[in-house]
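Peer 1: model the structure of this input:
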Amino acid sequence: MKREEMLKLFKQYTEGWKEWNKAMILGCLDTNSIITEFNGKCFSGIEQIRRWLSDWEKEGNRVSQWDIKNEYYDLDSKVAVFEWEFSCMIGSDKHHFKGSSIVKYHKNLIKEMREYQMEAECYYPCE
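Peer 2: Model (predicted):
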């Protein structure tokens with residue numbers, strides 16, 4: 001699998017969230033995909049992921065930003081790491097943070113994704 005293909009699939013996933021296009025999101029995932037969010041929530045298989053998307057939509061949540069800042073690839077292992085900046089509305093609360101995703105690929109689809117979060121603003125406590 002090439003870097004361009006890996007990036008294209010991850011962009012399809014993130015753009016699907018920003019456009020709220022469930023077909024885009026699901027279309028880049030293997031039927032046995034596992035997605036682990038930064039807060040520990042884990043969704044295993046396309047049916048659990050589909051239910052998660054439906055629940056997200058019912059609650060009126062929306063992603064407004066998911067911009068990829070850096071990308072790293074291990075082509076032999078079919079693994080990519082993406083650093084990003086993210087904003088969303090959950091109910092009436094706005095959330096903004098930076099994070100990263102470790103993405104494993106299988107047969108030109110996303111097989112597993114683990115997301116990690118950090119605060120949007122860095123500070124230097126020792127200065």
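Peer 1: helices or strands up against the least confident helix or strand in the chain by mean pLDDT?
Peer 2: Ranked by mean pLDDT, DSSP states H and E, the weakest helix or strand in the chain is helix 46-58, scoring a mean of 93. Secondary-structure packing of helix 46-58 (3 or more Cβ pairs under 8 Å, 6 or more residues apart in numbering; DSSP states H and E): helix 22-27, strand 29-36. Quick note: C-beta positions are derived from backbone N, CA and C, even for glycine.
Peer 1: now these in CSV, with mean neighbour count?
Peer 2: Shown next, in CSV, are the helices and strands packed on helix 46-58 (neighbours: other Cβ atoms under 10 Å):
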stretch, mean neighbour count
helix 22-27, 15
strand 29-36, 18
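Peer 1: pLDDT weak spots in the protein?
Peer 2: Nowhere does the chain drop to pLDDT under 70.
Peer 1: report the buried residues of the least confident helix or strand of the chain.
Peer 2: For helix 46-58, the neighbour count (16 or more other Cβ atoms under 10 Å) marks 49, 53, 56 as buried.
Peer 1: quick one, the longest helix along the chain and helix 46-58 angle?
Peer 2: Using DSSP state H, we find that the single longest helix of the chain is helix 3-19. Using axes from the mean of the first three to the mean of the last three Cα atoms, to 10 degrees, the inter-axis angle of helix 3-19 relative to helix 46-58 is 40 degrees.
Peer 1: contacting residues for E85?
Peer 2: 65-67, 69, 96-99, 120 (Cβ atoms under 8 Å, 6 or more residues apart in numbering).
Peer 1: what's the answer for C88, then?
Peer 2: Per Cβ under 8 Å, 6+ apart, neighbours of C88: 61-65, 94-95.
Peer 1: run the last query once more with 7 Å
Peer 2: Counting by Cβ atoms under 7 Å, 6 or more residues apart in numbering, C88 touches 61-64, 95.
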